[in-house]
Every structure is written in C-alpha cells, then in structure tokens.
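Novice: Predicted coordinates and the sequence they were generated for:
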Amino acid sequence: MSGVRSRSARWARLATAGLAFGTAALIVAAYRPRFEATGAALASAELQLRSDEITLARLPEMTQRRTELATRYAAAFGGNPQAAFVRELGRTLDRHRVRLTSSVATEEPDVASGGYRSAFPASKLSLELRGRYRDLIAVIAGLSHGGELVRVEAPSFHRDASELAADVPLTLYEPARATPPPVASSTPAAAEGP
C-alpha cells in the first residue's frame, strides 16, 4: 500500500509541477509584449540619457559659440533693418508660440497706399501665420508697433482645418542712407587764359 501511496504522491507532485510550469508559461506568454515594450522603453530612455549627457558636456562650448556668433553678427543686424526685423519676428513668434508657414516677397518699385508715398525703397512681404487667435493678434500688434520702418496692412483670418491662419501683408522700408561727399579731383584745374 505504501508503494501505491508513493506513486500517487509522485504523480501528484508531477501534476503540481506540470501545472505550475504551465501556469508560468502562460503568464510569461501573456506578459511578454509588456516585458518587450518595457525593455524597449528602457533602451530608449538609456539612449536619451546618453544623448543628454553628451549635450550637457558640450553646453559650455555651445554657450561660448553662441556668444561668439552674437558678437560677430551684431554689426550686421545693426546695419541692416531687414535682418533686424527678421530676428525680431523670430523672437516674437517664439514668445507667442505662433508658426510662420510661408512668406512671399513681392517687388513694387513705387509703394503707394491710401495716398501715402514713401521716399524710401521698400519691400513688400506677405506672411502666413498659424496659431491661436489671441497669439496671432499679439504677434500682429507686435509687428505693428515694432519699428517705424515696418507698416502692417490689413490682415485677414481664415480657419484651415483645426487651426486659425492669418495672412499678414506688410511693408519694410529701408532707412535713408547718407550719400558720401563727392570725391575731389586730383588733377589741377586748367589755367584760364587772358
């Protein structure tokens, strides 16, 4: 009888081990996609961490480079009102989270609008901006009050899919430049006869 009990106990242990092994295999199979997704997320986070470490190590070099570039181009921006306008436009767009989706430049030799004629050479631009209504209004107001050499015409608004877009025509005037004095002739004037 003890032989039958030992065999029964052995079969019970084997059945319990088989059931445990089957349950473990089922759990592993059920959670395998989650394990793989977690492993992929962990690998991605590790790559991002390495990238951030590299960026952090280069931060002093990049800060110095930015300072050098700002110094180098300060004179160019100071002497070119259109470059200064583009720089200020970029800052304004970033500050209000508005995207510039297109800009079209048109050439007109004589800029006339509402009886106003400019003695300065001018460039006409048409900007298409996208963003929230209040941000678009803030950018347009900033452009209108930005500089005395920028004139914003009447903007138009339209909804494009889920976004609001604004077409903003404007004119950039170039300031008058001083003309250099005439160069004196180096040849002596001919002596006048009697």
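Specialist: That came in fine, so what should we check first?

Novice: what ranges do the strands span in the protein?
Specialist: 99-106, 112-113, 116-117, 122-131, 150-152, 156-160, 163-173 (DSSP state E).

Novice: what lines up beside the last one in the sheet?
Specialist: Its sheet considered, strand 163-173 pairs with strand 122-131 (antiparallel), strand 150-152 (antiparallel), strand 156-160 (antiparallel) by DSSP bridges.

Novice: now those strands as TSV including distance to residue 97?
Specialist: All C-beta atoms are positioned from the backbone trio N, CA, C, and that covers glycine. Listed next are the strands paired with strand 163-173 as TSV, based on distance: least, C-beta to C-beta, whole Å:
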stretch	distance to residue 97
strand 122-131	6
strand 150-152	20
strand 156-160	17
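
Novice: still on that earlier bit, tabulate the strands of the chain (JSON lines), appending mean neighbour count.
Specialist: What follows is those, written out as JSON lines (neighbours: other C-beta atoms under 10 Å):
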{"stretch": "strand 99-106", "mean neighbour count": "12"}
{"stretch": "strand 112-113", "mean neighbour count": "10"}
{"stretch": "strand 116-117", "mean neighbour count": "8"}
{"stretch": "strand 122-131", "mean neighbour count": "18"}
{"stretch": "strand 150-152", "mean neighbour count": "18"}
{"stretch": "strand 156-160", "mean neighbour count": "10"}
{"stretch": "strand 163-173", "mean neighbour count": "18"}
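
Novice: and of the ones you listed, who's closest to residue 26?
Specialist: strand 163-173 (48.8 Å; C-beta to C-beta).

Novice: can you list the domain ranges for the protein.
Specialist: 1-78, 80-173 (automatic domain parsing).

Novice: any chance of the ones you listed in CSV, with mean pLDDT too?
Specialist: Formatted as CSV, the domains of the chain follow (pLDDT from 0 to 100):
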stretch, mean pLDDT
domain 1-78, 82
domain 80-173, 76
